[in-house]
Structures are given as structure tokens and as C-alpha cells.
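Undergrad: Task: produce atomic coordinates for the following.
(one chain, ligands or ions: 2)
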Amino acid sequence: MARETVELPGASIIYEPDWLESAAASTLFKALRAGLPWERHRITVYGRTLDAPRLSCWIGDVAYRYSGTLFEPHPWPAALADVRERLERELHAGFNSVLANLYRDGNDRLGFHRDSEPELGPEPLIASISLGATRRFRLREREGRGSYGIDLEHGSLLVMAGATQRHWLHAVPQTARVVGPRINLTFRRVLG
Ligand SMILES: O=C(O)CCC(=O)C(=O)O
Ligand SMILES: [Fe+2]
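TA: Ligands and ions are numbered 1, 2, ... in the order given. Down below sits the predicted model:
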């Protein structure tokens, strides 16, 4: 497997484009797209509450606060059992939650943010699986001028660990290109 390190100051990021083979990634995409109860979450940005410009589904064993809202989790779907087990084995980590996002087309997006909720602990390990259309993932340094872009491909794994969330913001911007739907899964460990 081609695992590359994304060399950014103060970050610890790896990218593995072919973590899932294409056919397995397509099967998982179809199962999740049809099988998850996709919702339009309300988010608070700079004190204003808006509909998020994407669909989401919070899965896991514990409730979770995200962008100012407390989410009751949906139960783990069978389709994620193998992926969770393999991630835990390969990354020597325990994941009790997944945030699934569905970007229906190029208008759907996620603004710059950090995964820095206190419940994730000071140095969260976040494993992000991408399925479907390739979208550009942007990283921007919080205090500094660094910026970086990486195309997250069908079946890929991106891992953010260590001090990444302390020093970098990340986003999935909208795009004028015609793109199909994309599902992203971020596996997390929420501390009780
Ligand atoms: O869709 C992505 O690649 C990123 C998702 C993300 O950053 C998040 O769910 O917090
Ligand atoms: Fe994030």
C-alpha cells in the first residue's frame, strides 16, 4: 500500500490513496448512501445558526457536541464493521464514533474548522475515509501562512494525528466543476 506522509510543520498527517480497493469502496458508498438516515444538521457559525450545506449522520456509542449542537448518535451500520475493525488494528486506536458527511454535488461543502472539541482530547487521532467523487481537501495554518491542498480519492484514507488540530484548519470548499456525490467518514474517539 502506498502510504505517504504529508509534510507540514506542526502536523502529523498521512494519506493512503488506495486503502480500499475501488470495488469495495463502491459497495460501501452504495450501502451508506441508501442505508444511513441522512440529516441536514443545523450548525452555528460566528453566532448564527444555519442549515449545513451538506447532509450528515452521526454514528456511534456516545452523544457528541459539534458546532454548538448536541447529537444523539445513530447505531453502527453493519456495513462499517469491517472498516472500523481494520482501522483500529492498523492505527492501534479505538474508535467509538463516526461523523458521516454526504456532499451531494459541488455546492455541498464544509468550511474551515478544526476537530478540536474538548471531548476529543488534546491530540485526537482522526481517520477519514473518502468514497465517491474526488474532492479537494484544504489545510490552512492557524498562525502562519501555510496552506496545502490534497485531492481525496475514492477509497482513500487520510489520518490526522498529534498536534495537527492545534496548528491547522481544514475544509472541503465548494467547486464549480461538475462532480458527483461524495461520502466522507471521520472515525473518532470521543472521551467519556
Ligand atoms: O469531508 C471531509 O473530507 C472532511 C470532513 C471533516 O473535516 C469533518 O467531518 O470534520
Ligand atoms: Fe473536520
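Undergrad: Show me which residues of this structure are close to ligand 1?
TA: Applying C-beta under 6 Å from any ligand atom, one finds that the chain approaches ligand 1 through L99, N101, L110, D115, S128, F137, L152, H170, V172, N184, T186. C-betas here are computed from N, CA, C, even on glycine.
Undergrad: Can you list which of these are found in strands?
TA: L99, N101, L110, S128, F137, L152, H170, V172, N184, T186 (DSSP state E).
Undergrad: Show me the contact partners of the biggest helix by length in the chain.
TA: Using DSSP state H, we find that the single longest helix of the chain is helix 22-35. For helix 22-35, contacts defined as C-beta atoms under 8 Å, 6 or more residues apart in numbering pick out 20, 77, 79-80, 83, 100, 102, 131-132, 154-155, 181, 183, 185.
Undergrad: Now do the contacts for the residue in the chain positioned nearest to ligand 1.
TA: Shortest the chain-to-ligand 1 distance, computed as C-beta to the nearest ligand atom: residue-wise this is N184, at 3.2 Å. Shown in contact with N184 (C-beta under 8 Å, 6+ apart): A100, N101, Y103, S128, I129, S130, L131, L152, V172.
Undergrad: Could you verify my assumption that the fifth one touches H154?
TA: No: checked against C-beta atoms under 8 Å, the pair I129 and H154 is beyond contact range at 10.1 Å.
Undergrad: Mind checking which of the two has more residues around it?
TA: The neighbour comparison of I129 against H154 (other C-beta atoms under 10 Å) goes to I129, with 23 against 19.
Undergrad: Quick check: closest non-adjacent residue to the more buried one.
TA: Excluding the flanking residues, the one nearest I129 by C-beta to C-beta, 6 or more residues apart in numbering is L185, at 4.5 Å.
Undergrad: who's in contact with that neighbour?
TA: L185 neighbours (C-beta under 8 Å, 6+ apart): L32, L80, V83, V98, L99, A100, S128, I129, L131.
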